[in-house]
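Enquirer: Got a sequence here, can you model it:
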Amino acid sequence: MTRVFSGIQPSGVPTLGNYLGAIRNWVPMQDTHEAIFCVVDLHAITVWQDPRELARQTREMGAALIACGLDPKRCTLFLQSHVHAHTRLAWIFNCVARLGWLNRMTQFKDKAGKDREAASSGLYVYPNLMAADILTYHATQVPVGDDQRQHLELANDIAQKFNHDYGVEFFPKIEPLIQGVAARVMSLRDGTKKMSKSDPSDQSRINLTDDHDAIAQKIRKARTDAEPLPGHASGLENRPEARNLVGILAAITGTLPENVLREHEGKGFGAFKEVLVAALVAHLDPIRKEMSRLLDDPATLDAQLRLGADRAEAIAAPICARAEEIVGFLPRR
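Expert: From the prediction side, this is the model:
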């Protein structure tokens, strides 16, 4: 099967947006691809992290991925820092990538802000590590959002330059894995902004650890407008909050927004929100409970992630070693 790779940062409890936009889409890949997924804790420290919080959030993300349906027996699930091939290959790619390429990366400009001189060098060369994450497994497909497409193009530029410079056909071309229209979940407080773990207001998002009461309270307080629900999608134009709640119900129930509108046409948001609360609780409560169970037994959870790292290393180590041999490094043994 085609090898697919993806990673997610341990930057807090995943939100409903993370789940519907990415994590849920990884689950079926376990049966259609050779699936490799990791918690990218090395990427996390491109901005300063409290060590205890990083450790807690890394374990929390591992638990969340398993609770959402990633089966360590059907995929390779591990922590990025546990497989040293990532950093070994990243250094080679630091020397292959050109400064001009990195200067074009818009995400660095966005994250560094106005005071770019104070940003870490790790944040600047982040895309080279991302290329190493993928290419140390010779993965050929990566599910990506729009914010990562530029980094994927850079990974292909690095692979092509490495192959050209050393006269080999070693690293394969990577293709973005397109899975149809991804659910784009927006803030519950502002329908024009993406739901984010970094939003100062916890009321803006649904966390996968939220219980029934928390979900109900957040949805009931979610920003809406005074108009009833229309019967067609055209009626949601210039109504971002209404469109967001309709989209969430459609995504969580596995249907289309048009079907949601046909069923709830003419309803006010008071009644509609109660339907949405019930659907969210029914879908997310088993995830919350399984995540809690996993976190209550950290030794077993850590053992599962270590086994995943062993499987990942068995793939990555020989590929990385061959890349080092091509560069001219002498083998240790």
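
Enquirer: residue ranges for the helices of the stretch 1-150 of the chain, please.
Expert: Using DSSP state H, counting those that start in this stretch, the helices of the stretch 1-150 of the chain run over residues 16-18, 24-26, 29-32, 41-44, 51-67, 85-96, 99-103, 106-112, 121-124, 126-135, 149-166.

Enquirer: Give me the contacts around the last one.
Expert: When you say that, I think you mean helix 149-166. For helix 149-166, contacts defined as CB atoms under 8 Å, 6 or more residues apart in numbering pick out 92-93, 96-98, 101-102, 104-107, 126-128, 130-131, 134-135, 142, 144, 168-174, 176, 323, 326-327. Placement of C-beta: from N, CA and C, glycine included.

Enquirer: And the third one, by the same measure?
Expert: Contact with helix 29-32 is made by 1, 4, 35, 70-71, 74-75, 143, as judged by CB under 8 Å, 6+ apart.

Enquirer: Give me the buried entries from the contacts of helix 149-166.
Expert: In those, burial by neighbour count holds for 92-93, 96-97, 101-102, 105, 126-128, 130-131, 134-135, 142, 144, 171, 174, 323, 326, counting by 16 or more other CB atoms under 10 Å.

Enquirer: Based on its surroundings, how many neighbours for residue 236?
Expert: 20 (other CB atoms under 10 Å).

Enquirer: Determine the number of other residues adjacent to the closest residue in space to it that isn't next to it in sequence.
Expert: Spatially, and ignoring its direct neighbours in sequence, residue 236 is nearest to residue 243 (4.2 Å; CB to CB, 6 or more residues apart in numbering). Neighbour count for residue 243, taken as other CB under 10 Å: 18.

Enquirer: With adjacent residues omitted, what lies nearest to residue 109?
Expert: Take residue 109 and drop its neighbours on the chain: the residue closest to it by CB to CB, 6+ apart is residue 116, 7.4 Å away.

Enquirer: And for residue 74?
Expert: Leaving aside its sequence neighbours, residue 74 sits nearest to residue 30 (CB to CB, 6+ apart; 4.2 Å).

Enquirer: And the residue nearest to residue 109, how far from residue 124?
Expert: According to CB to CB, to the nearest Å, residue 116 and residue 124 sit 9 Å apart.

Enquirer: so what sits against both of the two?
Expert: Residues within reach of residue 116 and of residue 124 at once, by CB under 8 Å, 6+ apart, are residue 108.

Enquirer: Look at the two and report which has more neighbours.
Expert: Between residue 116 and residue 124, counting by other CB under 10 Å, residue 124 is the more crowded of the two (18 against 12).

Enquirer: so what's that one scoring on pLDDT?
Expert: Looking at residue 124, its pLDDT is 93.

Enquirer: Same question for the one 4 residues further on.
Expert: pLDDT, residue 128: 97.

Enquirer: show me the contacts for it.
Expert: The contact partners of residue 128, by CB under 8 Å, 6+ apart, come to 90, 93-94, 97, 102, 154, 158.

Enquirer: Can you add pLDDT and give these back as CSV?
Expert: Converted to CSV, the contacts of residue 128 look like this (pLDDT from 0 to 100):
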residue, pLDDT
90, 98
93, 98
94, 98
97, 97
102, 93
154, 95
158, 98
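
Enquirer: So what pairs up with residue 4 in the strands?
Expert: With DSSP bridges applied, residue 4 shows beta-bridge pairing to residue 35, residue 141.

Enquirer: thought it was touching residue 143?
Expert: Yes. Shown here, residue 4 and residue 143 form a contact pair, counting by CB atoms under 8 Å, at 7.0 Å.
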